[in-house]
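Undergrad: Return atomic coordinates for the entry below.
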Amino acid sequence: MGKNTVQFQPGLSLPAFLERYGSEEQCRAALVQQRWPKGFSCPECGHLGHCRLQGRDVFQCNRCKRQVSPTSGTVFAESKLPLRTWFLAMYLLTQNKNGISALSLRRLLGVSYNTAWLVKHKLMQVMVERDAERPLSGEVQIDDAYWGGERHGGGTGRGSPGKTPFVAAVVSPTTPDFSGSTRCSATSRIRCTAPTTPCYRSTCSAICPSSAIASIGALSWRRWCRACSTRPHAHPRCPIGSQRWMCDVGNQERR
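TA: A predicted model of the protein is given here:
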């Protein structure tokens, strides 16, 4: 039996993470490098000349004297928590496919429950905003899926009680610079022929118009493919290998 490519994808181990981001200085250096990869640039006047004030850990522009902290304008701004605590929270939050509860985060970080809850929700909000700014591009696959487990005495499959239908759009693994991005839009029921529904508009807005869209579902999905893409050649069905990738991602989402 072959290994699931989603479950066995490479990741960052805890020892490797602590070696890279185990100290406050390492975390701050990584933050500065991420914000200004080509060197500090004043957000006020754009001047490159600057100095670093001793004791305050801020950059000061040599022209307009604007002072900028590495954490200003980020999710870490005005936080009393060390950066290494924030970095560890990001690592723990993204390592489990089911996420992590605020209670477990409290135990692992050594902070209060209210602090762990706030850190978790701030990071989740940042991830939502980041994904919203990056539409799906390349080869995108669309299909319907259902969220929820089987209820006692109920049926199975589509239409069974306790399941929420939603439309999933997934970037194909054959796309260059593949990142595994996914968009899910819940709906009251799957209606592939209703371009005025909020689910339809939400899914199409999350896909770049120049993307090549394919469907592994019913033939009625072709209307979605034509409406969400400006490319003349929208595939009616995906290759078998791509279908397996879509199913793997769907199974991970349901878990």
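Undergrad: Would you list the phi and psi of the closest residue to residue 211 other than its chain neighbours?
TA: Among residues not flanking residue 211 along the chain, residue 140 sits closest, at 4.8 Å (C-beta to C-beta, 6 or more residues apart in numbering). The way it works is simple: take the backbone N, C-alpha and C, and place the C-beta from them, glycine included. Backbone geometry at residue 140, expressed as degrees, to the nearest 10, gives phi -120, psi 140.
Undergrad: Residue 140 contacts residue 181, correct?
TA: No. Contact criterion C-beta atoms under 8 Å: residue 140 and residue 181 do not qualify, at 9.1 Å.
Undergrad: buried stuff in stretch 99-108?
TA: For stretch 99-108, the neighbour count (16 or more other C-beta atoms under 10 Å) marks 100, 105-106 as buried.
Undergrad: hey, C-alpha coordinates of that stretch in CSV?
TA: What follows is stretch 99-108, C-alpha atoms only, in CSV (Å, rounded to 0.1, in the frame of the first residue of the first chain):
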residue,chain,number,x,y,z
GLY,A,99,-4.6,22.5,14.7
ILE,A,100,-4.1,22.9,18.5
SER,A,101,-6.4,24.0,21.2
ALA,A,102,-5.8,27.1,23.3
LEU,A,103,-5.6,24.9,26.4
SER,A,104,-2.8,22.8,24.9
LEU,A,105,-1.0,25.9,23.7
ARG,A,106,-1.2,27.3,27.2
ARG,A,107,0.6,24.2,28.6
LEU,A,108,3.3,24.1,25.9
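Undergrad: Not counting that stretch itself, show me its contacts.
TA: The contact list for stretch 99-108 (C-beta atoms under 8 Å, 6 or more residues apart in numbering) reads 88-89, 92-93, 112-113, 115-117, 119-120.
Undergrad: which of those residues has the most neighbours?
TA: Highest neighbour count within the contacts of stretch 99-108: residue 119, with 24 neighbours (other C-beta atoms under 10 Å).
Undergrad: I figured that residue hits residue 90, correct?
TA: No. Residue 119 sits out of contact with residue 90 when judged by C-beta under 8 Å, with a separation of 9.1 Å.
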